[in-house]
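**Student:** Could you look at this predicted model? Sequence included:
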Amino acid sequence: MTRSSITTKKLGARVGVEVLDVDVERLLHDDELAAGCVDLLEEHSVVLFRELHAGDAAQVAFSRKLGDLVQFGKYANPNVMEISFDPANPNAKYFPSNDYWHIDGSMDAVPAKTSVLSAHVITERGGETAFASTYVAYDELSAAERERFAGLRVVHRMERIQRLSYPEPTPEQLADWARWPDRVHPLVWTHESGRKSLVIGASAAHIVGLDARESRTLLDDLEQRATTPDHVLTHTWSVGDLVLWDNTGLVHRACEFDRSQPRRMHRSTVVGEESIK
Ligand code: OGA
Ligand code: MN
């Protein structure tokens, strides 16, 4: 089936678009849809299919049209990471840090290109996912800031983001987090497209060469400006929703919910193609 016309509806002022009139059949067999989504991601950063109920097989098949998939070795289906606080979930201990603004794989040389998340079990209250564009964050810098930031490098560290959830870590936790080596990125990512974005978020530990206080003030200020409420798309999930985001030009976070209630999301992740430079 070839169908080229994609009907969309804008979601937020700066971020987000909903694709209308798509069911699982079309998701899998419309040859133009995946390419259309790539363009929509470039323009809107977040693409929503409401109440699609794709299921893992269709989610994975569609995600593969966007590129190779990250393999999650600890999961029965290595293409799908379960995001939940279920004690049986092998990554549950890391997920409290999803509450802080972040880029997926910010300690990787080549961070994921696209993340695909679907809602399977949701809570009555809270548990939204919020998104803010780091392209917009760059575009709104003053000329003087752009000049000043052009040469800056930022260290992303697992310990920095995890400590926000575990302020008094055990030696075992510290040793575990140290398995992710620090990653030094330019603060400003100049994409192959020519667009620029800020490489910020909760894993940003410090700016190379700045003293600790100045560094923290700058990183906090940049994150705060990037994520002021009028810059944020907050998605309230319905079961079956599928959301794609451009992980290269966006920070995102999970919103608070009662963790004694089950919430289960399934994520497939498209391998990055471009290193941060
Ligand atoms: C993720 C993530 C947020 C959420 O899956 O990478 O950050 O709301 N999820 O579950
Ligand atoms: Mn994430």
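**Tutor:** Nice, thanks for sending it over. Ligands and ions are numbered 1, 2, ... in the order given.

**Student:** low-scoring stretches of this protein, by residue?
**Tutor:** 1-4 (pLDDT under 70).

**Student:** Next to ligand 1 in this structure, residues from it, please.
**Tutor:** Residues of the chain found near ligand 1 (CB under 6 Å from any ligand atom) are 83, 98, 104, 115, 117, 129, 252, 254, 265, 267. Any C-beta I mention is one placed from the backbone N, CA and C, and that applies to glycine too.

**Student:** which SS state does the second one fall under?
**Tutor:** The reference is to residue 98. What DSSP: H, G, I helix; E, B strand; the rest coil gives for residue 98 is helix.

**Student:** Spatially nearest residue to it (excluding sequence neighbours)?
**Tutor:** Nearest residue to residue 98, sequence neighbours excluded (CB to CB, 6 or more residues apart in numbering): residue 254, at 4.3 Å.

**Student:** and the top helix by length along the chain, what does it pack onto?
**Tutor:** Longest helix of the chain, by residue count under DSSP state H: helix 212-226. Contacts defined by 3 or more CB pairs under 8 Å, 6 or more residues apart in numbering; DSSP states H and E place helix 212-226 against helix 134-139, strand 204-207.

**Student:** What's opposite whichever residue of the stretch 101-250 of the chain sits closest to ligand 1 in the beta bridge?
**Tutor:** Using CB to the nearest ligand atom, residue 129 is the residue of the stretch 101-250 of the chain that sits closest to ligand 1, at 3.6 Å. Beta-bridge partners recorded for residue 129 (DSSP bridges): residue 235, residue 254.

**Student:** Let me know how buried it is, in neighbour terms.
**Tutor:** 22 (other CB atoms under 10 Å).

**Student:** A strand includes residue 267, no?
**Tutor:** Yes. Judged by three-state DSSP, residue 267 forms part of a strand.
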